[in-house]
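Asks: I need the structure of the sequence given here:
(chains A and B)
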Amino acid sequence: MKRQFTITTPIFYVNGAPHIGHAYTSIACDVIARFHRLDGNDVLFVSGTDEHGQKVEQSAKAQNVPPQDFADRISQSFRQMQKDMAVQTDEFIRTTEARHKKAAQTLWEKVAENGHIYLDAYEGWYSTRDEMFVGEDEITKHPDGSRTAPSGAPLEWVREPSYFFRLSDFQDRLLKLYEENPDFIGPHGPKREVVSFVKQGLRDLSISRTSFRWGVEVPGDPDHVMYVWFDALANYLTAVGYPDMKDPRNICWPADVHVVGKEIIRFHCVYWPAFLMAAGLPLPKRVFAHGWWTVEGEKMSKSLGNVLDPKALADEFGLDQLRFFLMREVPFGGDSNFSRRSLITRMNVELANDLGNLAQRTLSQVARNLKGVLPERGTLTEDDTRILAQATLLPSLTRNHIERLAISDALEDIWKLIREANAYIDRQAPWALKKEDPARMADVLRVLVDVIRTIATLLQPYMPDTMEKMLDQLGVEKDERHIAALETLLPGGRTLPKPQGLFPRFVEEDKQA
RNA sequence: GGCGGUGUAGCUCAGUGGUAGAGCAGGGGAAUCAUAAUCCCUUGGUCGGCGGUUCAAAUCCGUCCACCGCUACCA
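Replies: Here you go, the predicted model:
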C-alpha cells in the first residue's frame, strides 16, 4: 500500500568541514529513503544546513569574510559531501534562505499569538572575552571574591533582555506524549535520558539574543535575533512549504522520522515538540538518535588529527563498500569504531567472498554451460523450494527492520540468505550435474539467479551503483527492480551479459616506512 | 554530585526467567563451478564482582567495581 514517508537528517551546523559522522547520518537516512522509494512509497527526504549563531558570526569575522559568504562555502561543502556519498535528498534547506526566515518568523508569531512567549531578562555570569554565559558549575571562585570562566577570563553578572518560551508549561504534555507514543524517541537509552530530564522539571527557555546579529530577526523587535535552535528546528517546516498552507508538500507533514545525532536529542524531543504544540501544529512521529564513530578506538577530533574525510575513504575503498560498511558495522543507534582492518575484513569476507563470489560462480556457469541464456523455472525439489521460500520471505523481513530503523539487522537477514545460497550451490553442485543431468543443472542455476535477484534488489538502497550492475548481469530490466516486481518471475530465454566480478578483494599495499 | 548507558567466547556483538548464541579469528575435513573464493565439522565463556528473590536468573531486586554519555540557554 502506497504511503507518504518523510525523513530528515539532522540540520548540519556550518562551523567545519563535513566528516565521516555527517556522511554516516546522511547515508543512513538515504538508505531508509531509498528503501521506501523502492517499496513504492512517496518519499520526502530533507537535509540542510544551520547557518546562524554567534559561532558562525565569529568564525566568519576571524576569516575576514561576511558571514553569508562563510556560510555559503561550508553549506556547499555539505551538499558536495552528500553528492559524493550518493545521498539523494529531495529538499536541502539553508536557514539563511528567505523561505526559511519566513517559516521561522511565522512559527514564532504563532507561538507568540498563542501566549507562549514573553519578554524578560536573562541573567548570568558572562565572559566578555569569550562572549558567552558560563554555567554556575563551570565557574572558578577565587579568594578575593572574583570569578573566572574555564578559559580564565573574568566574569561579570549580566542582565540581557530576552524573550522566553514558556517551556515549563509543557512538561506534563511532553511526558504524556512520551507515554502515549512509546516509539516517539528511540532507541531506549536516549529515551530514558530525555524522560528523566523532563521529569526533573523544565525551566522557561531563553529564545532570543541581543548579543550578536547573525540570526533571524524576531518579528516586531529587530533588536533581537532568534536563539539558533528555534530557528534551526523550523527548517523541517520550511521543507514542507510552511507557512503556505496550499503548498502541495504540506501533506508531507508531520515527518515520519527525524534522524539525529545523540547530542541533539533534547532539542528534537523536548524543545521541538513543545514549539509545535505551542503553535498548534502536528508533531513528528518519531525522533531517532544514532551514536558516534570513534576512529581506530579513539575519539575523532581535530587535535588528534584523526578526522576522517568520507570522500577520501570512498576514493580508496569504493563508495558502495564504504556505505555498506557504515550501515553494516553497527546496530543503528549504537556507538561504533571505524578501523581500516574491520572495513577491509567486511569488504573481503562479506562483499567479495560471500556475495560477489556467489554471483560470479552462478553467472559464469550460466554463461559457459547455458550459453548465457536464462533458463525457465524448472521442476522444484524440496531443497529448491526451501531456499526460494526464504527468498520470498526476505522483502517483508527487510521491510520490518527498516520500519524499526534497524538498518544493520536488515543486512544481517540478507546475509543469512547469501550464506544459505552458497551452501545450496555446494549441495546441488551444478558443475557435477553438467554431465549427469544438464536439465537439472539448468534448474539449479535458475533458482540461484532468482535468489540473487531478490538479494540484489533489496541491497539497492545500500549499494545503489554496484547493485545496478549486478541486476544488469542478472538480466533484470530497469522497471523490474522495485520490491513489488519480485512477485513476478523473470521470463526465461533472456541472454545475460558476460559476468564480471563486482567486488574485488582488497589487498592492503605493503606499507613501507 | 544527579540522571542514564555499557560490561556475554581472542575480536565485534545478539540474547529481558526455563538446558549459554551469531559473525570474524583459531583447528580438522570435503569439494574444485567461482574473485585461493565455497561447504561441513570443531576448539573456546564460572554471561564484571558479591548477595538476594525463585523450582529455575545473562535475564528480576540490592550492592560494589570499571568504562562511557548527559547535566538546558556557545548546536
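Asks: in chain A, what residue lies closest to RNA strand B?
Replies: A:Gly356 (2.0 Å; CB to the nearest atom of the strand). Using the backbone N, CA and C atoms, a C-beta is placed for each residue, glycine as well.
Asks: the stretch 151-300 of chain A: strands as residue ranges?
Replies: Using DSSP state E, counting those that start in this stretch, the strands of the stretch 151-300 of chain A run over A:156-165, A:185-186, A:205-206, A:208-209, A:217-218, A:221-226, A:257-261, A:287-290, A:293-295, A:298-299.
Asks: so where is the stretch 301-450 of chain A shaky, pLDDT-wise?
Replies: Low-confidence segments of the stretch 301-450 of chain A, defined by pLDDT under 70, are located at A:301-304, A:331-334.
Asks: return the residues of it in contact with RNA strand B.
Replies: Residues of the stretch 301-450 of chain A lying near RNA strand B by CB under 7 Å from any atom of the strand: A:329-331, A:334-337, A:345, A:349, A:352-354, A:356-357, A:359-361, A:364-365, A:419, A:422-423, A:425-427, A:429, A:431-432.
Asks: mind listing which of those are in helices?
Replies: With DSSP state H as the criterion, helices contain A:345, A:357, A:359-361, A:364-365, A:419, A:422-423, A:425-427, A:431-432 from among those.
Asks: check contacts around A:Leu319.
Replies: Residues near A:Leu319 by CB atoms under 8 Å, 6 or more residues apart in numbering: A:Asp84, A:Met85, A:Ala86, A:Asp465.
Asks: now stretch A:165-183 - C-alpha only, PDB.
Replies: Included here for stretch A:165-183 are C-alpha records, laid out as PDB according to Å, rounded to 0.1, in the frame of the first residue of the first chain:
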ATOM      1  CA  PHE A 165       9.300  30.500  25.700                       C
ATOM      2  CA  ARG A 166       7.000  29.000  28.400                       C
ATOM      3  CA  LEU A 167       8.600  25.600  28.300                       C
ATOM      4  CA  SER A 168       7.700  24.900  31.900                       C
ATOM      5  CA  ASP A 169       4.000  24.900  30.800                       C
ATOM      6  CA  PHE A 170       4.700  21.900  28.500                       C
ATOM      7  CA  GLN A 171       6.200  19.500  31.000                       C
ATOM      8  CA  ASP A 172       3.000  17.400  31.500                       C
ATOM      9  CA  ARG A 173       2.100  17.400  27.800                       C
ATOM     10  CA  LEU A 174       5.600  16.200  26.900                       C
ATOM     11  CA  LEU A 175       5.500  13.400  29.400                       C
ATOM     12  CA  LYS A 176       2.100  12.400  28.200                       C
ATOM     13  CA  LEU A 177       3.500  12.400  24.600                       C
ATOM     14  CA  TYR A 178       6.300  10.100  25.500                       C
ATOM     15  CA  GLU A 179       4.000   7.800  27.400                       C
ATOM     16  CA  GLU A 180       1.300   7.600  24.800                       C
ATOM     17  CA  ASN A 181       3.800   7.200  22.000                       C
ATOM     18  CA  PRO A 182       6.400   4.700  23.200                       C
ATOM     19  CA  ASP A 183       8.200   4.900  19.900                       C
END
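Asks: hmm, who's touching that stretch?
Replies: Counting contacts by CB under 8 Å, 6+ apart, the residues touching stretch A:165-183 from outside are A:111, A:115-118, A:184-185, A:191, A:194-195, A:198-199, A:201-205, A:207, A:230, A:269-271, A:273-275, A:277-278, A:283, A:285-286.
Asks: tell me the two of the ones in helices among the residues of the stretch 301-450 of chain A next to RNA strand B that are most distant?
Replies: The most widely separated members of these are A:Thr345 and A:Ala432, with 31.9 Å between them, by CB to CB.
Asks: more crowded one of these two?
Replies: The residue with more neighbours, out of A:Thr345 and A:Ala432, is A:Thr345; 13 against 10, by other CB atoms under 10 Å.
Asks: any idea how far that one lies from A:Glu508?
Replies: Using CB to CB, to the nearest Å, one gets 11 Å for the distance from A:Thr345 to A:Glu508.
Asks: what does A:Phe164 give?
Replies: To A:Glu508, A:Phe164 is 57 Å away according to CB to CB.
Asks: then A:Glu436?
Replies: From A:Glu436 over to A:Glu508 (counting by CB to CB), the distance is 43 Å.
Asks: stretch A:75-91 near RNA strand B anywhere?
Replies: No: in terms of CB under 7 Å from any atom of the strand, no part of stretch A:75-91 sits within range of RNA strand B; the closest distance is 11.3 Å.
Asks: just the strands of the stretch 151-300 of chain A: most buried one?
Replies: Most buried of these by mean neighbour count (mean count of other CB atoms under 10 Å) is strand A:287-290; its value is a mean of 26.
Asks: average model confidence for that one?
Replies: In this model, strand A:287-290 has an average pLDDT of 87.
Asks: list phi and psi for A:Trp214.
Replies: Recorded main-chain torsions at A:Trp214 are phi -80, psi 80, according to degrees, to the nearest 10.
Asks: SS state for the nearest residue to it once chain neighbours are set aside?
Replies: Nearest non-adjacent residue to A:Trp214, counting by CB to CB, 6 or more residues apart in numbering: A:Glu57, 3.8 Å away. In three-state terms, and counting by DSSP: H, G, I helix; E, B strand; the rest coil, A:Glu57 is helix.
Asks: any figure for the gap between A:Glu57 and A:Arg3?
Replies: Using CB to CB, one gets 42 Å for the distance from A:Glu57 to A:Arg3.
Asks: next one: A:Val449
Replies: As defined by CB to CB, A:Val449 lies at a distance of 31 Å from A:Arg3.
Asks: more crowded one of those two?
Replies: Just comparing A:Val449 and A:Arg3: by other CB under 10 Å the higher neighbour count belongs to A:Val449, 23 against 11.
Asks: pretty sure the more buried one sits against A:Thr362.
Replies: Yes: with contact taken as CB atoms under 8 Å, A:Val449 and A:Thr362 are classed as touching, separated by 6.5 Å.
Asks: leaving out chain neighbours, which residue sits closest to A:Phe267?
Replies: In space, not counting the residues next to it along the chain, A:Phe267 is nearest to A:Trp229; the distance is 5.2 Å by CB to CB, 6+ apart.
Asks: how many neighbours does that neighbour have?
Replies: When neighbours are defined as other CB under 10 Å, A:Trp229 has 20 of them.
Asks: can you flag the buried ones in the ones in helices among the residues of the stretch 301-450 of chain A next to RNA strand B?
Replies: Neighbour counting by 16 or more other CB atoms under 10 Å classes A:Asn357, A:Ala359, A:Gln360, A:Arg361, A:Gln365, A:Asn422, A:Ile425 among those as buried.
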